[in-house]
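[1] Fold the following and give me the result.
(chains A, B and C)
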Amino acid sequence: MKIAVCVKQVPEGSSRIDPETKRLDRSGEGALNPFDANAVEEALQLRDTSGESEVVLVTMGPAKAQDALRKALAMGADRAVLVADEGAAGADLVATSYALAQALERERADLILFGQQAGDSDGAVLWAAVADRLRLPVVSQAAEITHGDGKVTVKRQTEFGYDVIEAELPAVVAVSDAINEPRYPSLKGIMGAKSKPQETLSLDDLGVAADRAGERGSRTEVYALGDPPARGDSTKIDDDGNAAQAILDFLAERRLV
Amino acid sequence: MTKPADVPPPFRTANYIAPPSDPADERIEVGVLVVGAGPAGLACAIRLGQLLEDAPEIRERLGEVPVAVLDKGKQAGSHLLSGAVVNPRALRRLFKGRKRIDEMPFYGPVEHESVYFLTGGSAFRIPTPPTMKNDGNYVASLSRLGRWLAEQAEAGGAMILPETAAVKLLVADGRTRGVRTGDKGRGRDGEPLGNFEPGADVVARVTVLAEGTQGHLTGVALEHFALAGENPQVWALGVKEVWKVARPLDRVIHTMGWPLRAAAKYREFGGSFIYPMGNDMLTIGMVVGLDYRDVELSVHDLLQELKTHPFVRKLLEGGERIEWGAKTIPEGGFLALPRRLHAPGLLICGDGAGLVNVPALKGIHYAIESGSLAGEAAFAALQRGQTPWTPGALSAYDEALAQSFVWKDLQEVRNMRPAFGRGFWVGGALAGMMTATKGRFPPGNMRTERDADIEPIRAGRARAYPAADGKLTFDKLSSVFASGNKTRDDEPSHILVRREVPKDIAELWTHMCPAHVYEPTDSGVDVTPSNCVQCGAITAKGGRLTPPEGGSGPEYTQT
Amino acid sequence: MSTLVFLEHHGDELLKGSLGVLAKATALGDGEVAGVVLGSNVRELAASAGNFGAAKVYVADHPQLEAPLPQPRVDVLARLVEDGGIDTVLFANSVLAADVAAGLAARLDAGLNWDLVDLTWEGAKLVGKRPALQDSVYVEVGWTSEPRLALFRSGSFDPSATDGSAELEDLQVALEDFSTAARMVDQAHEESEGPSIEDAPVIVAGGRGLGGPENFVLVEQLAKALGGAVGATRAVVDAGWYPYATQVGQTGKTVSPKLYIACGISGAIQHKVGMQSSGTIVAINKDANAPIFEFADLGVVGDVHEVVPKLTELVKQRKGE
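    The predicted structure is shown next:
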């Protein structure tokens, strides 16, 4: 079984938005998106229980995105594919999902895993867009995955409890951070990561035309940055025996109770 | 009052020395193992890379990983903190013909500098003491410089392995074989968690300890191989912040005097620094010797107090704090150096060895020079026909150090710090005479006293600490946050300290620790190890810091 | 402007979040606002949207839409948007809605902005507002083409009841092969312990000011009365008073419930970053200088052991009414 894991590099330490480009400042050191570590771990566990399997990492980003790949390779993934092209900068969901789908199309994986979300405001949307382009079933918020008989059975967590969903392979599954505890890479793993096969592709290699990539290929834009609205006036009172009533009134006024 | 030395920690050197225990084919073999990706360790790795470039046969013999550098921080630079004004001498030598100073990540040469003596309300400019002149030096963030040095080391073929703590020194037959790395994934009581990953034996022909101040294995090695000198090492604690500022600072500033008390009985030795970092940032820090006496002394709070001085406040107006950190500095100088910095298969460099020039506030270029010399000595001992573990094989390192500017500088100023044990005014006068005579007066050597042997007193220091306002002054917890510390809460405690201690000691630790790790309880002290930024102060004052799980602790970027 | 609002349901109720977005859509004025309900046996449900501002509701009623799976919905909506000339599609965030919105964005190559908390007209441009970087900045975003897709943060708007009624229009349902390759085996198994802390609309959290683990029962009782979950600070979890799964903060969970009541919590930044984007924050602490009072909407300087039980009583009484 071939398992592809889509991973992302996010800036280490506190993030900031570059006020000039209005995009996330990715100039700092990069790290593997912590939520993607859950996806990598799940892939490794599935691989280790199915014999004859391969875990390949796929990421899009600047050449430095290699750092994120390195950690995932150190955990035990077999190889990595990096789509690095300046033309991809500033890509929104439409452009990103398109390019990523082309890269995944090449791999023809049986199972494609995503992590819950990126820590740097990327939202819980990428996998469904990619699945649509690949014309594959998608299941998200997976808290458990079992595999057998050409399909996966997923326990999906929603606001209402959990569902059990079966999907035929090939399929796309996005895992929640409740699914597992990612392993620490062993020192041997870290040292061996560098010699694992890593391929770098350009948009050209994927057949992605310039007008479908980066800002040109995007359908949304960022206008401005601002301060969040002030929380509003803050009231502070001393308890003279009536504080509980005051709180209740406050909550009732706001229809919170 | 009880002294910290009266309540020693439950620490045994023997627990951290062991022969390799992994089966031979599971041990990780490298050529030269460097512990610590700081300026000393990286200089060693860089120098080795240069030498191995022209010696392919030796390189071949060192195996798949000729040079490996371990670091317990998240990445190179995460645990590096200093002022800093760097003397480029050692960097010039290390990168001769390869990199120019203007290619290094400095914030510019020092153009102007001033020294001030502060009182509660005023700042008096005083002539810059000759030992502190910074012509030809450069302002740097050590964390940032560390990241750059790591890139150079990797370009030269070294493998940098962050998030890896070296917890035991592997010694067999009197010879250092390497280190054992720390386990990951243990719970609060040491129990293995679901993702438990045991450490590994990393063996090498030469092990270089470049762990910085209060280096864990350095301390273990100095004790085990009986390398310590006659005088005990002493430390200062530095706490600093990085600020975004509205107006550029045009000079390097040092201050003395307020808020430290000058009378000899307080033993408050230190001062502050304020360095410009480009046009829109500056760094401000407070450094105080850990031989202070007042139970309530808190360097973090003294820094907050310092910022309320009208002279300092003006510099920070309209600005915003963006980072905070703390670290100890070895202050014993020449007198406290170990009597030997090598043992079979082992070399010790940098701050771990105590190579700091206190009056000049310089240690980085000594770290780099010693690392570079260590690389050269290791290389020489790896030539065909040599074995690095025969006694004396690495003595070339000590010899080279003794011939270098490192030794010469340190020797000249050897008595200055102990002089200040006599108080600011007497100390100042003595220091002046020492400078004028280039260290010939006073003849002989003064002595240092262990920080833990200092008997505390109660002298009401805390009264003057400002309340945190969240804009100019900050409490410890929000400062720990600003260090980038996100240590896992359920890690086992890495701090060895007695829990049942007298109230005075509990209070001493509570104020001393810049990261609010300690809190007094009815019976002694409570410890919150996840706050720890690994500054090392506790080791000087009755406890013992050991490395936590690799990757824990602060994530400094601009300190 | 022709707006479509995705109306999600659970059981036989339209979700409050969807109805809130519907209210927003009608308030935006300008053009037609229609809702769409997809499921099995949902015509009545669809009609009820008329009571919340929808003049028209499209209904896709089909057994293959019974299970709350996203891809069949994308098929139906894609066709509707194209055939119906719709230029704006709005969603209230949920596990299902996020997958539908994103799938639809890919299908139509349409711009999707998510995590929005507001949407306004600025001249001829539709501008969305969303928080970023742990709610420390706000970003204004827009679309460069139509149709425009928007996914709103849950609870951004309140529904507004009207006397209106909706005209229903039935939709044809034609599904792609791959859309039926996932099937629901077992649906919405309730977890027994009440709302998980991440999903709870109300969280009552306890800190060191409670004094001891035995006092956590006060927090539990208030949480129960309000239908919420219990949270804890790092300090009390470290001390073993409450389990790590309930820890809110930098090294625990990040939550943003509509209401967060902090009992005996000082508000150190390590805790603040885990809950600062809660809708309303009420804090009770006997230390008037506790940092939490700087960002609580209502701060009570008082003894939690007195205030909390009294509040629990009052809440129970009010709910009993």
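
[2] Would you verify that residue C:25 is located in a helix?
    Yes: when DSSP: H, G, I helix; E, B strand; the rest coil is applied, residue C:25 is found to be in a helix.

[3] which residues sit in contact with it?
    For residue C:25, the contact set (CB atoms under 8 Å, 6 or more residues apart in numbering or on different chains) comprises C:3, C:5, C:33, C:53, C:90. For every residue, glycine as well, the C-beta is placed using N, CA and C.

[4] Show me which residues of the stretch 451-559 of chain B sit near chain A.
    Applying CB under 8 Å from any CB of the partner chain, we find that the stretch 451-559 of chain B lies next to chain A at B:484, B:555, B:557.

[5] correct me, but residue B:243 touches residue B:280?
    No: if you go by CB atoms under 8 Å, residue B:243 and residue B:280 don't touch, sitting 9.5 Å apart.

[6] Between the two, tell me which one has more neighbours.
    More crowded of residue B:243 and residue B:280, by other CB atoms under 10 Å in any protein chain shown: residue B:243, with 23 against 14.

[7] any idea how far that one is from chain A?
    The spacing between residue B:243 and chain A, counted by CB to the nearest CB, to the nearest Å, is 15 Å.

[8] Tell me where the stretch 101-250 of chain A has strands.
    Remark: strands assigned in the stretch 101-250 of chain A by DSSP state E, counting those that start in this stretch are A:111-114, A:138-148, A:151-158, A:161-168, A:171-175, A:198-201, A:220-226, A:235-238.

[9] Tell me which of these sits nearest to chain B.
    Chain B lies closest to strand A:138-148 among those, at 14.7 Å (CB to the nearest CB).

[10] Partner strands of that closest one and their direction?
    Applying DSSP bridges, strand A:138-148 is found paired with strand A:151-158 (antiparallel), strand A:171-175 (parallel).

[11] Let's see the first one as CSV, backbone CA atoms only.
    Extracted as CSV, the C-alpha positions of strand A:151-158 are listed here (Å, rounded to 0.1, in the frame of the first residue of the first chain):
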residue,chain,number,x,y,z
LYS,A,151,-11.0,0.2,2.1
VAL,A,152,-10.5,2.2,5.2
THR,A,153,-12.9,2.5,8.1
VAL,A,154,-12.7,5.8,9.8
LYS,A,155,-14.0,7.0,13.1
ARG,A,156,-14.9,10.7,12.4
GLN,A,157,-15.4,13.1,15.2
THR,A,158,-18.0,15.8,14.7
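
[12] returning to what we had before: looking at the strands of the stretch 101-250 of chain A, spot the one closest to residue B:188.
    strand A:138-148 (25.4 Å; CB to CB).

[13] Can you name the residues of chain C sitting close to chain B?
    By CB under 8 Å from any CB, the part of chain C that sits against chain B consists of C:234, C:237-238, C:244, C:247, C:250-252, C:268-270, C:273, C:289, C:291, C:294.

[14] quick one: which of the residues of the stretch 451-559 of chain B next to chain A sit in helices?
    Taking DSSP state H, every one of those sits outside helices.

[15] Can you list the buried residues in stretch B:518-528?
    Of the residues in stretch B:518-528, B:518, B:520, B:524, B:525, B:527, B:528 count as buried by neighbour count, 16 or more other CB atoms under 10 Å in any protein chain shown.

[16] who's in contact with stretch C:26-34?
    Counting by CB under 8 Å, 6+ apart, residues outside stretch C:26-34 touching it are C:1-5, C:22, C:25, C:53-58, C:86, C:119-121, C:160.

[17] Out of these, which end up buried?
    Buried members of these, counted by 16+ other CB under 10 Å: C:1-5, C:22, C:25, C:53-58, C:86, C:119.

[18] Please report how far residue A:245 lies from residue C:156.
    30 Å (CB to CB, to the nearest Å).

[19] out of these two, which sits in the busier spot?
    Between residue A:245 and residue C:156, counted using other CB under 10 Å, the more crowded position is residue C:156 (19 against 12).

[20] That one contacts residue C:18, doesn't it?
    No: assessed by CB under 8 Å, residue C:156 is found out of contact with residue C:18, at 11.4 Å.

[21] residue ranges with poor pLDDT in the stretch 51-200 of chain A?
    A:118-122 (pLDDT under 70).

[22] rewinding a little: now go through the contacts of stretch C:26-34 and say which are in strands.
    C:2, C:3, C:4, C:5, C:56, C:57, C:58, C:119, C:120, C:121 (DSSP state E).
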